[in-house]
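have a look; sequence and predicted model below, questions after that.
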Amino acid sequence: MASYISSFYCPCNWKFEFLTFVLQASKGAVASFYHTLRAELGDEIGITEIIPGLIESEITKGRTFTEEGIMKVDQQLRDAALGPAPVERTEAFARSIVKATCRGARYVLEPPWWWGMYYFRVFIPDISEWLIRFLYATPPGVPATENLAKKLVDLPFVKDVLYPPSLRSPKIKLA
């Protein structure tokens, strides 16, 4: 095998994230594209699909844009969106995807605990959808920062266990 393709796409097309329906559709299309490409190319060109879960990044640090297009950090909204889910450090993520790609893995879902969510979604989708709605949905007129996921993250020591130090910092730089 002389050539190799590595593709990144987000798992949101099977994770039922709120307010990301356009992103979910586009990432589902990307996934289908690489599945089809792998079938058409066979073993001529290796393809590794890298599917990152929650990784330490600008988004998981809470950077977002206002309606006016101004970048800001909103850690309260970030906590409501991430919920009580572990976030992997960037260095560990990079090491594992390089190692898996060099070994010729077809799929790399990182961090590894996201495989549990994948199987949960595949084998019991109704319960998975209900759980996501239970944790993240709020009634009309109630801000997203009031969801149950945010309340769980605000419990003592939860952030200390689930988030890397860069996400727990009270001051996150915009630049």
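On my side now, so go ahead.

hey, where'd the strands end up in the chain?
With DSSP state E, the ranges of strands along the chain come out as 3-8, 45-52, 63-65, 71-73, 107-110.

in CSV, list the ones you listed along with distance to Glu88 and mean neighbour count.
For the C-beta atoms, the positions are set from N, CA and C on the backbone; glycine is no exception. Formatted as CSV, these follow (distance: least, CB to CB, whole Å; neighbours: other CB atoms under 10 Å):
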stretch, distance to Glu88, mean neighbour count
strand 3-8, 15, 13
strand 45-52, 8, 18
strand 63-65, 18, 14
strand 71-73, 20, 13
strand 107-110, 7, 19
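
between the ones you listed, which one is nearest to Leu82?
Leu82 sits nearest to strand 63-65 of all the strands of the chain, at 12.5 Å, using CB to CB.

who does the closest one touch, helix- and strand-wise?
Counting contacts by 3 or more CB pairs under 8 Å, 6 or more residues apart in numbering; DSSP states H and E, strand 63-65 packs against strand 71-73.

so how far is the strand it packs on off the chain centroid?
On the basis of CA atoms, centre = their mean, to the nearest Å, strand 71-73 sits 20 Å off its chain's mean C-alpha point.

what's the answer for stretch 116-130, then?
Computed by CA atoms, centre = their mean, the chain-centroid distance of stretch 116-130 equals 16 Å.

give me the buried positions along that stretch.
117-118, 121, 128 (16 or more other CB atoms under 10 Å).

check Phe33 and give its pLDDT.
In this model, Phe33 is scored at 87, pLDDT.

over to Ala2?
At Ala2, the model reports a pLDDT of 56.

follow-up on the earlier one: so which of the strands of the chain is nearest Pro86?
strand 107-110 (11.9 Å).

quick one: contacts of the closest one?
11, 48-53, 55, 88, 93, 96-97, 100-101, 115, 118 (CB atoms under 8 Å, 6 or more residues apart in numbering).

same thing but at 7 Å, please
Strand 107-110 is contacted from outside by 48-53, 88, 93, 96-97, 100-101, 115, 118, using CB atoms under 7 Å, 6 or more residues apart in numbering.

what is the most widely separated pair among the residues you listed?
Spatial extent of the contacts of strand 107-110 (CB to CB) is set by the pair Thr101 and Tyr118 at 19.1 Å.

picking that back up, in a markdown table: the contacts of strand 107-110, plus distance to Ala149 and pLDDT.
Shown next, in a markdown table, are the contacts of strand 107-110 (distance: CB to CB, whole Å; pLDDT from 0 to 100):
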| residue | distance to Ala149 | pLDDT |
| --- | --- | --- |
| Thr48 | 31 | 86 |
| Glu49 | 27 | 86 |
| Ile50 | 26 | 86 |
| Ile51 | 21 | 84 |
| Pro52 | 20 | 85 |
| Gly53 | 15 | 83 |
| Glu88 | 18 | 92 |
| Phe93 | 22 | 91 |
| Ser96 | 26 | 92 |
| Ile97 | 27 | 89 |
| Ala100 | 29 | 89 |
| Thr101 | 32 | 86 |
| Trp115 | 21 | 84 |
| Tyr118 | 19 | 81 |
